[in-house]
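Asks: What follows is a predicted protein model with its sequence.
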Protein chains: 2
Amino acid sequence: MPTVILFGPTACNNETRLRSLLKNAWQIIALPDDTRLEPLHRALPQADALISLMWQPEMAVAEIRLRLIQALGAGVDAYDTKALPDGCALCNVYEHEAPIAEYVLGAMVALTARFVFHDRQLRQGRWDGTGRRDGAPHAELAGKTVGLIGYGGIGREVAKRAQAFDMKVHALRAHPHSSSNGTAPDWVGGAAQLPELLRASDFLVVCCSLNTETRGLLDRTQLARLKPSAYLINVARAEIIDEQALFEMLKEHRVAGAALDVWYRYPATIEQMLLPAEWPFHQLDNVLMTPHLSAWTDAMIERRWQKIAANLDALAAGAELHNVVAHGAERRV
Amino acid sequence: MPTVILFGPTACNNETRLRSLLKNAWQIIALPDDTRLEPLHRALPQADALISLMWQPEMAVAEIRLRLIQALGAGVDAYDTKALPDGCALCNVYEHEAPIAEYVLGAMVALTARFVFHDRQLRQGRWDGTGRRDGAPHAELAGKTVGLIGYGGIGREVAKRAQAFDMKVHALRAHPHSSSNGTAPDWVGGAAQLPELLRASDFLVVCCSLNTETRGLLDRTQLARLKPSAYLINVARAEIIDEQALFEMLKEHRVAGAALDVWYRYPATIEQMLLPAEWPFHQLDNVLMTPHLSAWTDAMIERRWQKIAANLDALAAGAELHNVVAHGAERRV
């Protein structure tokens, strides 16, 4: 019977769900505390698969026959692909495109109509912004331009919804000429056209992966190309945008506002209290701050575990794995 | 030269805009204070048109030659159509469908992903609901059912966007068999099918006009048919939903939450502090409270004044008026 290790609380909390989804018999070893490596080191020599939020060199042992490291999400920046065991595949999992696109459109409305501010005001009997007494109006989405940095699965789902909102869609992709089977943007450019995209965007959506090309991509020089009326939405990784430059742009209202769902630092556990950045974004009232939740829906989690179970079943059956991101050297599955 | 009275601050604040849009020469009389009737009574005998947020019997004078009362919005519940001067038309104006539909979809995301709550928590370093540390997930919109009470201009724009979100659309309309040139809902019913609509809805959107059939339509009995997981969004008029019943349902979590943009009471001026209901909705954390702003965008206001100016020009030219809602007896324009 093959063996899979669930490493960390996120994997372990879904042990029952995984069992109910698996078609093949698997031995499951649950190690909820991913800050302790000794239990992992003891279990690894017997394991065929590992489900974990990360893979780092110090996690490995000499005796290892691991053939699958299954990521719990799409982003694999926490997995050191150079340190993969020989013959071991790293697979990721998607299914987050729809809820992230929902978040992006919802955040556009929440930013322009200032939901957080107006909710707080009206609870005190203050009617700023009401149409009934000629308050200050807000910006309409229809007719505006969404600039997408990244046009993968998330970008295409944002585009589909934005077009139903009668918005124009401009998209930047690493390979601008590759074909797309999704919604057609009004404009598509490559990395060199970033300045054009920034100048055209009323809503800039960061939805690319974090890698050596995108880390720090939006620095002070690039951000300065945004219109003062533009809003920025980051659902990718915080490190794509220079933290200090973003904070200063927002504080000085050189952009209108931002919805930030991804952050510069994360707590070790959900109970730990930790501000999400070094710079005091929490003092800015033109920022919508959410704790990396955009993809985190009940339906998305169920879809992901269906895919993860299917990958374990494929491994048990000697069938092809899905969503292989990288391979350890030599033996390939 | 024909004469138009701008009555109240909302109309008067747009005098310059109106002048720039009018093609014909009009004398404009601006009366910003709509709590004082004497200036209105003095001006009315010379006026051909009145732009006002209301029309009530006490506003009229004996000597009157008014041919157009132009509403500033779509809802005409503040205009007493039985008290219209003879031969005077009451016209309304729309253009609010797109921004209200944007609000509705944005509110669905803000309610399910709890934007107000999570923004407040994260500003204190609290990470409830994060996907990064296996927080509690939220509900996804895709696959859910939107129930529309009212399938006019707003309902159709909500439907178009909801379908791009991969939601199912159920619609209730006064005349279920009349043809629609818009998006086709997955289900259409008439007033008698309200219980069915309520039971099917994951998101109930109230977007019908307030009239004798809809006042108090959603009473305790009807609201009890909603699922406990359902959310309610009211962008029409507060009086369609029984205030006490709604408050109690929300407080007791017999529905999941509500986004309320329309209210049971309004301040006389934007400066006046006034809680928007007799019942303390402001104490509930499953309510998104906004001050009647959903339609109130810069683009919507510009479109409305274009239509209002076009109606004044039509009156000056003896042409047909647009969006006639009611007519005073005898002489018709």
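Replies: Nice, I can see it.
Asks: Roughly how far does residue A:3 sit from residue A:259?
Replies: From residue A:3 over to residue A:259 the distance is 42 Å, taken as C-beta to C-beta, to the nearest Å. Every C-beta, even on glycine, is put in place using the N, C-alpha and C of the backbone.
Asks: Please say which of the two ends up with more neighbours.
Replies: Counted by other C-beta atoms under 10 Å in any protein chain shown, residue A:3 and residue A:259 do not tie: residue A:259 has more neighbours, with 25 against 18.
Asks: Can you name the helix or strand that the nearest residue to that one once chain neighbours are set aside falls in?
Replies: Nearest in space to residue A:259, with sequence neighbours left out and distances taken as C-beta to C-beta, 6 or more residues apart in numbering or on different chains, is residue A:107 at 3.6 Å. Secondary structure assignment for residue A:107, by DSSP states H and E: helix A:97-112.
Asks: Next: residue A:170.
Replies: Short version, using DSSP H and E: residue A:170 is in strand A:168-172.
Asks: ok, now residue A:50?
Replies: Taking DSSP H and E as the definition, one finds residue A:50 inside strand A:49-51.
Asks: returning to that earlier point: what's the residue nearest to residue A:259 in contact with, if anything?
Replies: When contacts are counted by C-beta atoms under 8 Å, 6 or more residues apart in numbering or on different chains, residue A:107 touches A:233, A:259, A:261, A:288, B:109, B:115.
Asks: ok, now residue A:287?
Replies: When contacts are counted by C-beta under 8 Å, 6+ apart, residue A:287 is found next to A:250, A:257, A:258, A:259, A:260, A:281.
Asks: Touching the helix or strand containing the third one from outside, list them.
Replies: In this structure, residue A:258 is located in strand A:257-260 according to DSSP H and E. Counting by C-beta under 8 Å, 6+ apart, the neighbours of strand A:257-260 from elsewhere in the structure are A:104, A:107-108, A:110-111, A:231-234, A:238, A:246, A:250, A:281, A:286-290.
Asks: Would you mark the buried spots in stretch A:305-313?
Replies: A:305, A:307, A:308, A:309, A:310, A:311, A:312 (16 or more other C-beta atoms under 10 Å in any protein chain shown).
Asks: which intervals of the stretch 151-300 of chain A have sub-threshold pLDDT?
Replies: Counting by pLDDT under 70, the low-confidence segments of the stretch 151-300 of chain A come to A:176-182.
Asks: Any residues of it in contact with chain B? List them.
Replies: Taking C-beta under 8 Å from any C-beta of the partner chain as the measure of proximity, the stretch 151-300 of chain A contacts chain B at A:160-161, A:163-166, A:266-267, A:269-270, A:272-276, A:282, A:288-300.
Asks: Generate a ChimeraX selection restricted to the buried entries among the residues you listed.
Replies: This is how ChimeraX selects the buried members of these, with burial counted by 16+ other C-beta under 10 Å:
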select /A:160,161,163,164,165,166,266,267,270,275,276,282,288,289,290,291,292,293,294,295,296,297,299,300
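Asks: from the residues of the stretch 151-300 of chain A next to chain B, which ones fall inside helices?
Replies: For these, the ones inside helices are A:160, A:161, A:163, A:164, A:298, A:299, A:300, with DSSP state H as the criterion.
Asks: need the contact list for the spatially most central residue of chain A.
Replies: Closest to where the C-alpha atoms of chain A average out (C-alpha atoms, centre = their mean) is residue A:236, at 4.3 Å. With contacts defined as C-beta under 8 Å, 6+ apart, the neighbours of residue A:236 are A:149, A:150, A:206, A:207, A:208, A:209, A:210, A:214, A:262.
Asks: Can you lay out these as JSON lines showing secondary structure and distance to residue A:80?
Replies: Putting these into JSON lines (DSSP: H, G, I helix; E, B strand; the rest coil; distance: C-beta to C-beta, whole Å) gives the following:
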{"residue": "A:149", "secondary structure": "strand", "distance to residue A:80": "25"}
{"residue": "A:150", "secondary structure": "coil", "distance to residue A:80": "23"}
{"residue": "A:206", "secondary structure": "strand", "distance to residue A:80": "24"}
{"residue": "A:207", "secondary structure": "coil", "distance to residue A:80": "24"}
{"residue": "A:208", "secondary structure": "coil", "distance to residue A:80": "21"}
{"residue": "A:209", "secondary structure": "coil", "distance to residue A:80": "16"}
{"residue": "A:210", "secondary structure": "coil", "distance to residue A:80": "14"}
{"residue": "A:214", "secondary structure": "coil", "distance to residue A:80": "18"}
{"residue": "A:262", "secondary structure": "coil", "distance to residue A:80": "20"}
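Asks: Would you list the strands that the strand holding residue A:50 pairs with, along with their directions?
Replies: As defined by DSSP bridges, the strand partners of strand A:49-51 come to strand A:3-7 (parallel), strand A:68-70 (parallel).
Asks: List just the one of those that sits closest to residue A:99.
Replies: Among the strands paired with strand A:49-51, the nearest to residue A:99 by C-beta to C-beta is strand A:68-70 (20.5 Å).
Asks: what helix or strand is residue A:279 on?
Replies: Per DSSP H and E: nothing holds residue A:279, as it lies in no helix or strand.
Asks: Which residue is the nearest non-sequential neighbour of it?
Replies: Once its chain neighbours are removed from consideration, residue A:279 has its nearest residue in residue A:247; the separation is 3.8 Å (C-beta to C-beta, 6+ apart).
Asks: next one: residue A:19
Replies: The shortest distance from residue A:19 to any residue that is not its chain neighbour, by C-beta to C-beta, 6+ apart, is 6.8 Å, and that residue is residue A:28.
Asks: Let me see the contact set for that neighbour.
Replies: By C-beta under 8 Å, 6+ apart, the contact list for residue A:28 reads A:3, A:4, A:6, A:15, A:18, A:19.
Asks: Using TSV, lay out those residues together with pLDDT.
Replies: Formatted as TSV, the entries for the contacts of residue A:28 read as follows, by pLDDT from 0 to 100:
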residue	pLDDT
A:3	98
A:4	98
A:6	98
A:15	98
A:18	98
A:19	98
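Asks: Can you flag the buried ones in those?
Replies: Burial by neighbour count, judged by 16+ other C-beta under 10 Å, picks out A:3, A:4, A:6, A:18 from the contacts of residue A:28.
Asks: Residues in a beta bridge with the first one, which ones?
Replies: I take that to be residue A:3. Taking DSSP bridges, one obtains residue A:27 as the residues bridged to residue A:3.
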